[in-house]
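Peer 1: Just need the structure, nothing else, for what follows:
(one chain, ligands or ions: 2)
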Amino acid sequence: MTIRLLPDVLVNQIAAGEVVERPASVVKELVENALDAGASRIDIDLEEGGARLIRVRDDGGGIAAAELPVAVQRHATSKIASLEDLEAVATLGFRGEALPSIASVSRFRIASRRNGDDNGNALQVEGGRVGEVAPSAQPQGTTVEVRELFYNVPARRRFLRAERTELGHIEEWLRTLALARPDVEVRISHNGKPLRRYRGDSASETGARLVDALGEEFSRNVLRIDHAGAGLRLHGWIAQPSYNRASADQQYLFVNGRGVRDRNVAHAVRQAYSDVLFHGRHPAYVLFLELDPRAVDVNVHPAKHEVRFRDSRLVHDFVYRTLQEALSGTRAGAQAGMPV
Ligand code: ADP
Ligand code: MG
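Peer 2: Numbering: from 1, shown residues only. Ligands and ions are numbered 1, 2, ... in the order given. Alright, predicted model coming up:
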């Protein structure tokens with residue numbers, strides 16, 4: 001066997017295996033880029049559950065024409081420049097992997113215009129082959145189009161599920177986004193029809209969004225949490241024990257604004273509810289944990305679904321105590337905690 005360096009396109013396609021699982025992962029990466037660019041409004045157009053088209057348009061800062069080809073290169077990012085930056089990273093992205101990965105497994109187009117530029121510019125990438133930058137009509141901000149996801153990776157394409165299933169994954173992730181960023185307006189259309197709209201309202205905080213994202217019933221049965229100490233702050237909403245679920249389908253955790261899954265925190269929550277919830281039932285919650293970015297490593301997973309706490313014991317105990325305290329007044333709720 002000869003040992004050789006893999007061609008760039010193949011390297012990107014391999015990375016895409018980790019970052020781009022399905023259309024929802026593309027939506028996530030593109031929307032996170034829009035948020036990092038300071039967007040206040042994001043429009044998402046989908047066709048066929050995202051398999052045929054995902055278009056994300058934002059009104060953020062935009063990209064200079066000369067930087068478009070750089071943006072679609074591997075390990076190219078404007079968000080960090082050093083290890084110190086990485087250790088205190090406050091943006092959602094930082095790996096410089098999303099655009100090249102997505103562009104290597106789709107027919108990809110990015111168009112952008114910065115505030116004050118006379119015109120916009122666009123760049124097309126076809127299965128990883130980068131074209132030339134050309135002028136293009138474009139309002140201020142960035143539009144990314146991803147067509148025919150996995151068209152050149154049949155093994156991946158076969159894994160795509162029914163339109164409705166893929167759309168469900170996208171909607172679920174957008175619910176996470178809506179909870180995390182009530183200040184940003186998000187509109188979603190599917191097959192040419194408006195599907196959902198989250199109105200941006202920085203004044204109303206997440207409260208109004210709770211109803212939009214999780215429904216009236218959840219919102220009527222929550223306890224407001226806000227507790228700080230030991231360099232940590234935990235705020236958000238937890239459901240009264242009387243409102244409980246057959247599965248863990250309404251459990252949202254954000255660490256410094258990033259939606260993540262964390263066994264340690266999930267365990268702390270379960271423990272806090274253990275006295276007030278019947279076995280086999282699951283609590284519902286939307287919790288925001290804020291801490292020094294240096295106390296949490298966000299670079300443990302290519303898709304960044306997980307984080308690692310420097311002091312996970314401290315985090316566990318803080319979450320447990322905060323929730324237990326909040327729930328202690330609801331002990332009578334144990335009875336009301338009958339399966340619904
Ligand atoms: P990362 O987000 O990790 O930096 P990406 O591959 O997602 O890597 O994006 C590469 C770079 O392209 C970003 O660092 C940013 O400078 C630029 N970029 C991507 N999307 C947008 C956008 N919607 N608005 C402005 N700049 C963007
Ligand atoms: Mg990104």
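Peer 1: what does stretch 226-235 rub up against?
Peer 2: By CB atoms under 8 Å, 6 or more residues apart in numbering, the residues outside stretch 226-235 that reach it are 225, 287-292, 295, 314-315, 318-319, 322, 325. The C-beta positions use only the backbone N, C-alpha and C, and glycine is treated the same way.
Peer 1: Can I get these in TSV including distance to ligand 1, secondary structure and neighbour count?
Peer 2: Output for these, formatted as TSV (distance: CB to the nearest ligand atom, whole Å; DSSP: H, G, I helix; E, B strand; the rest coil; neighbours: other CB atoms under 10 Å):
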residue	distance to ligand 1	secondary structure	neighbour count
Ile225	31	strand	20
Leu287	25	strand	20
Phe288	22	strand	20
Leu289	22	strand	24
Glu290	22	strand	15
Leu291	22	strand	20
Asp292	22	coil	11
Ala295	22	helix	14
Leu314	29	helix	15
Val315	25	helix	23
Phe318	30	helix	23
Val319	29	helix	26
Thr322	32	helix	25
Glu325	38	helix	12
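Peer 1: Point out where the stretch 101-250 of the chain drops to low pLDDT.
Peer 2: Per-residue confidence of the stretch 101-250 of the chain (counting by pLDDT under 70) places the weak regions at 202-207.
Peer 1: Just the buried residues of stretch 55-70, please?
Peer 2: Residues of stretch 55-70 classed as buried under the neighbour-count rule (16 or more other CB atoms under 10 Å) are 55-63, 65, 67-69.
Peer 1: show me which of the residues you listed neighbour ligand 1.
Peer 2: Among the buried residues of stretch 55-70, proximity to ligand 1 is found for Asp58, Gly60, Gly61, Gly62, Ile63 (CB under 6 Å from any ligand atom).
Peer 1: In a markdown table, list those residues along with distance to Pro154.
Peer 2: Converted to a markdown table, these look like this (distance: CB to CB, whole Å):
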| residue | distance to Pro154 |
| --- | --- |
| Asp58 | 32 |
| Gly60 | 35 |
| Gly61 | 37 |
| Gly62 | 35 |
| Ile63 | 32 |
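Peer 1: Go through those and say which is closest to Leu167.
Peer 2: Distance to Leu167 across these (CB to CB) is lowest for Asp58, with 20.9 Å.
Peer 1: residues contacting Ser106?
Peer 2: Contacts here follow CB under 8 Å, 6+ apart; on that basis Ser106 touches Val26, Gly127, Val146, Arg147, Glu148, Leu149, Phe150, Tyr151.
Peer 1: measure it to Asp45 for me?
Peer 2: Computed as CB to CB, to the nearest Å, the Ser106 to Asp45 distance reads 15 Å.
Peer 1: Tell me how far the residue of the chain found nearest ligand 1 lies from Leu35.
Peer 2: Closest residue of the chain to ligand 1, CB to the nearest ligand atom: Gly93 (2.3 Å). For Gly93, the distance to Leu35 under the criterion CB to CB works out to 9 Å.
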